[in-house]
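Participant: Give me a model of this one.
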Amino acid sequence: VFGRRYPEIEVALVEDSSFRLEQLTASGQTDLSLLSLPLHEPSLAWEPLIEEEICLAVPPEHPLALKNEAVNIQDLAQEPFVLLKKGQGFRQIAIELCEKAGFQPRIVFESGNIETVQSLVAAGMGIAFVPKMVARAKWYEFAPAYLPFAEPAPSRTLVIASRKGRYLSKAAEAFIETMKSTIESHFHS
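Facilitator: Modelled structure (predicted):
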C-alpha cells in the first residue's frame, strides 16, 4: 500500500529481535520500529496501532483441537511449548502468560521466526501462543489448529516507536499514517 501511494519514497525493512530493533531505533539507525509492549528502551516514544488477540496454536490432532473449545491457560501447565528465542518481545509475553497462570512453560523448541514456530506446532512438536494477525489461514496446507482463550482473553499491543525528540520526516509521518489506515481497514471493519 505504502509503495503504491508513495513510489518516490524508498523503504528499507530491517527484521530483527525486538531487543535489537529497540536499540536500532534508540540509536537513530532506524526511523521507526513496529514493536509490541512493553518496551524496555526509555528513549523511545510510541503510539499504539492495534490491540491484538492472542490465540493458542496446537497440532491438528491434539485433544484440545478435537474438543474445539476456549482454553484456560492454567490447563496448559504440562504441555510442551514452542517459543520464540530470547530477545523477541512476544517470547516474554508468552512466558508471562504462563507465569500469571501459575507455571513455567516447558520449552521443547525455540525459533527466531513465528512462521517456524507454527510449522513446528503443525508437525506435532508442541503448542504455542500466536498473535492472531500472523495465524495461518485454514486453507494453508501445513497449519496448526488455532483455539481461542477463555475470557479474559490475552492480547498484545502493537506500537510504532521512534526515538524521543527525533524529528520525523514527512516520509516517516506518511508511513505511520499508512500503517494506521491499513490496520484500521483490515482489522476494524
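
Participant: Every contact and neighbour count from this point should use C-alpha atoms.
Facilitator: Fine.

Participant: remind me, longest strand of this protein?
Facilitator: What stands out as the longest strand in the chain, according to DSSP state E, is strand 44-58.

Participant: Can you get me a residue count around the nearest residue to A101 once chain neighbours are set aside?
Facilitator: The spatially closest residue to A101, leaving aside those adjacent along the chain, is Q74, at 4.9 Å (Cα to Cα, 6 or more residues apart in numbering). For Q74, the count of nearby residues is 14 (other Cα atoms under 10 Å).

Participant: rewinding a little: for the longest strand of the chain, enumerate the helices and strands it packs against.
Facilitator: Helices and strands touching strand 44-58, by 3 or more Cα pairs under 8 Å, 6 or more residues apart in numbering; DSSP states H and E, are helix 18-26, helix 114-122, strand 128-131, strand 145-147, strand 155-163, helix 170-187.

Participant: what's downstream of that strand, the next helix or strand?
Facilitator: With elements assigned by DSSP states H and E, the helix or strand that comes after strand 44-58 is helix 63-67.

Participant: Tell me which residues are up against that next one.
Facilitator: V58, P59, P60, V71, A145, Y146, L147 (Cα atoms under 8 Å, 6 or more residues apart in numbering).

Participant: now what about stretch 76-85, what contacts it?
Facilitator: 90-91, 94, 98, 103-114, 117, 120-121, 125-129.

Participant: How about V159: what's its closest non-neighbour residue?
Facilitator: P48 (4.3 Å).

Participant: List the buried residues for the lowest-mean-pLDDT helix or strand in the chain?
Facilitator: When each helix and strand of the chain is scored by mean pLDDT, DSSP states H and E, helix 2-5 comes last, with a mean of 78. Residues F2 are the ones in helix 2-5 that count as buried (16 or more other Cα atoms under 10 Å).
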